[in-house]
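Engineer: Take this sequence and fold it.
(one chain, ligands or ions: 1)
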Amino acid sequence: MIVDRLYQSVAEKGPICVGLDTDISYVPQWLRDECENDGEAVLAFNKQIIDACCDVAGCFKVQIAYYESLGLQGLQAYRDTLAYLRQKGQIVIADIKRGDIAKTAEMYAKGHFTGDFEADLVTLSPFMGLDSITPYLPYIKEQEKGVFVLVRTSNPGREDFQYIRSESGETIYDIVGRRLQDEIGVDCMGQCGYSSVGAVIGGTSSLEAETIRKKLDKTFFLIPGYGAQGGKAEDIARYLKGRNGGVVNSSRAVLLAYKKAGDERDFATAARNEVIKAREEILSACAEYEK
Ligand SMILES: O=C(O)c1cc(=O)[nH]c(=O)n1[C@@H]1O[C@H](COP(=O)(O)O)[C@@H](O)[C@H]1O
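Structural biologist: This next block holds a predicted model:
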């Protein structure tokens with residue numbers, strides 16, 4: 001199961017997931033000047049970030065919108081970034097946030113779990129129901145793939161729908177998390193005690209953290225919102241368990257670390273230092289929380 005590889009990787013390298021949300025404007029001009037086009041510049045930037053961070057990052061997440069926005073050049077950079085990560089033995093999450101009827105979901109699953117755009121895990125939106133998730137299950141069970149389904153997100157608008165309560169008092173995000181864990185996730189359990197059907201739980205609010213972690217005790221979390229969106233290490237620590245059980249995404253804070261460091265030639269070292277700093281902050285917040 002992919003969740004066992006992820007668990008092992010977090011145990012060895014820490015919980016930071018480096019987000020390759022590579023906006024072309026983040027690529028320093030000197031590197032853009034050396035490349036033929038924007039797609040090539042994004043790929044060259046990503047490769048240096050990957051080389052610098054792969055021994056300190058638990059996994060990588062590639063957000064497809066940044067690549068789609070550059071058209072075919074961008075999709076080539078997306079394909080080549082995924083291939084480069086997989087060649088280097090890194091675990092890669094394709095952040096595609098899909099959600100559609102079962103027949104269409106079958107095509108998304110094939111498109112992102114095989115062929116040019118093959119990734120290890122993908123992000124999904126549950127709005128259309130559990131039948132929009134089930135077409136991914138055969139890949140999870142038979143081909144070491146996994147999914148992270150949006151449960152309680154990091155953005156301010158999360159309260160618009162996710163916090164609505166049913167008559168029994170459960171929030172929508174509670175219901176989504178419970179049904180994913182109890183109905184779909186049970187058949188995808190890894191030896192580490194977590195399922196390869198994971199949940200996206202934003203790290204920008206820690207109010208409900210303990211309840212969420214307790215209720216979803218078999219669910220591995222993808223936790224975005226640390227760094228650029230203001231999520232603090234103390235908040236994030238509450239979503240982890242024994243320094244594992246989740247990966248903490250950081251995109252802009254890592255990719256743009258060179259601007260703070262003031263050296264755009266060595267953007268990769270600045271990214272690496274940022275990952276190490278984030279990992280230390282989060283692991284020491286975990287130690288504090290577990291006391
Ligand atoms: O599914 C996600 O990854 C995601 C869910 C969520 O609730 N909030 C969220 O920010 N994300 C993604 O996580 C990344 C956050 O980026 P930074 O805020 O730059 O670290 C982006 O790729 C978002 O699309």
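Engineer: which residues of the stretch 1-150 of the chain fall in helices?
Structural biologist: 2-13, 29-34, 38-53, 64-68, 71-87, 102-113, 137-142 (DSSP state H, counting those that start in this stretch).
Engineer: Check the model's average confidence along the first one for me.
Structural biologist: Across helix 2-13, pLDDT averages out at 98.
Engineer: what does the second one give?
Structural biologist: Here the mean pLDDT over helix 29-34 is 98, rounded to a whole number.
Engineer: excluding its backbone neighbours, what's nearest whichever residue of the stretch 51-200 of the chain sits closest to the ligand?
Structural biologist: Residue nearest to the ligand within the stretch 51-200 of the chain: T153 (3.1 Å; Cβ to the nearest ligand atom). Every residue, glycine included, has its C-beta placed from N, CA and C. For T153, ignoring the flanking residues on the chain, the nearest one in space by Cβ to Cβ, 6 or more residues apart in numbering is G202 at 4.9 Å.
Engineer: ok, how many other residues are close to that neighbour?
Structural biologist: 25 (other Cβ atoms under 10 Å).
Engineer: Let me see the confidence value for it.
Structural biologist: Here the pLDDT value assigned to G202 is 96.
Engineer: Tell me how far it lies from D95.
Structural biologist: Here G202 is placed at a distance of 14 Å from D95 (Cβ to Cβ, to the nearest Å).
Engineer: Without its sequence neighbours, what residue ends up closest to M1?
Structural biologist: G190 (3.7 Å).
Engineer: can you check L85 too?
Structural biologist: V92 (4.5 Å).
Engineer: Okay, and the beta partners of that neighbour?
Structural biologist: F60 (DSSP bridges).
Engineer: just to revisit the earlier point, tell me who's in contact with the residue of the stretch 51-200 of the chain closest to the ligand.
Structural biologist: Residues in contact with T153 (Cβ atoms under 8 Å, 6 or more residues apart in numbering) are Q162, V200, G202, P224.
Engineer: Out of those residues, who's the most crowded?
Structural biologist: Using other Cβ under 10 Å as the neighbour criterion, P224 leads the contacts of T153 with 29 neighbours.
Engineer: Tell me, how many residues neighbour the residue nearest to that one when sequence neighbours are not counted?
Structural biologist: Excluding its sequence neighbours, the residue lying closest to P224 (Cβ to Cβ, 6+ apart) is N249, at 4.3 Å. For N249, the count of nearby residues is 31 (other Cβ under 10 Å).
Engineer: pretty sure N249 contacts A228?
Structural biologist: No - using Cβ atoms under 8 Å, N249 is not in contact with A228, being 10.2 Å away.
Engineer: wait, isn't E281 in contact with E234?
Structural biologist: No - E281 is beyond contact range of E234, at 9.2 Å (criterion: Cβ under 8 Å).
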